[in-house]
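>>> Here is the input, now give the coordinates:
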Amino acid sequence: MFAFEDISAIALEALVFVVAAWIFIDSRRRGAKIYFAMPWFFAAILFPVLAVPVYLLYLIFFGRKKEIPEAPPEVPDSFIMKKINLFISRQQVFFSKKKPAASPKKPTSADAEAVDNIITCSKCTREINKDYEICPVCHTPTEEK
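Numbering: from 1, shown residues only. Model prediction:
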């Protein structure tokens with residue numbers, strides 16, 4: 001099996017590799033290019049006693065954090081208003097559906113006006129209010145008459 005010296009040597013090499021990997025990852029997080037981070041990694045593996053203190057001194061005197069990226073650009077208000085208007089028009093269509101009456105009634109003048117305010121969408125053939133600028137179902141602009 002393994003002798004104690006073999007296990008301690010393996011553990012020491014694993015520690016050296018972990019420290020070298022930390023140096024590589026840390027330098028990349030601080031904004032270093034790959035061609036700058038790789039020599040630190042290999043130096044930490046080949047010369048750990050020298051490279052690790054030098055890297056730590058480099059961090060103290062010259063290290064810089066990667067700049068925090070700016071916030072994403074704001075969405076224009078007109079886009080948000082279009083989405084809100086679309087949502088409202090969908091809700092109006094959903095809630096404006098009349099429930100069937102229990103008994104048929106005679107048509108009145110209000111019913112005739114309601115029929116005059118309804119048009120059919122040219123794309124989806126749904127009945128929509130004449131005042132709508134777009135169809136709330138398929139989002140097609142209504143035809144101006």
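>>> now the end-to-end length of stretch 119-131.
One end of stretch 119-131 to the other measures 9 Å (C-alpha to C-alpha, to the nearest Å).
>>> That one: which residues count as buried?
Neighbour counts over stretch 119-131 (16 or more other C-beta atoms under 10 Å) mark 119, 121, 128 as buried. All C-beta atoms are positioned from the backbone trio N, CA, C, and that covers glycine.
>>> ok, of these, which one's closest to residue 89?
residue 128 (9.0 Å; C-beta to C-beta).
>>> Show me what that closest one bridges to in the sheet.
residue 119 (DSSP bridges).
>>> wait, what's in contact with it?
93, 118, 119, 120, 121, 135, 136, 137, 142 (C-beta atoms under 8 Å, 6 or more residues apart in numbering).
>>> mind checking how far the second one is from residue 89?
Meaning residue 118. Taking C-beta to C-beta, to the nearest Å as the measure, residue 118 falls 15 Å from residue 89.
>>> So if I had to pick from those two, which one is more boxed in?
Ranked by neighbour count (other C-beta atoms under 10 Å), residue 118 and residue 89 place residue 89 first, with 19 against 10.
>>> Report all helices and strands that the helix or strand hosting that one contacts.
For residue 89, the host element (DSSP states H and E) is helix 77-96. Where contact means 3 or more C-beta pairs under 8 Å, 6 or more residues apart in numbering; DSSP states H and E, helix 77-96 is packed against strand 127-129.
>>> quick one, longest helix in this protein?
helix 4-29 (DSSP state H).
>>> Mind listing what's buried along it?
For helix 4-29, the neighbour count (16+ other C-beta under 10 Å) marks 16, 19, 20, 23, 24, 27, 28 as buried.
>>> so the second one makes contact with residue 47?
No. At 11.8 Å, residue 19 and residue 47 do not qualify as touching, with contact defined as C-beta atoms under 8 Å.
>>> Kindly state the domain boundaries assigned to this structure.
4-62, 108-145 (automatic domain parsing).
>>> and the shortest one, what's its mean pLDDT?
Same thing as domain 108-145. The pLDDT scores in domain 108-145 average 73.
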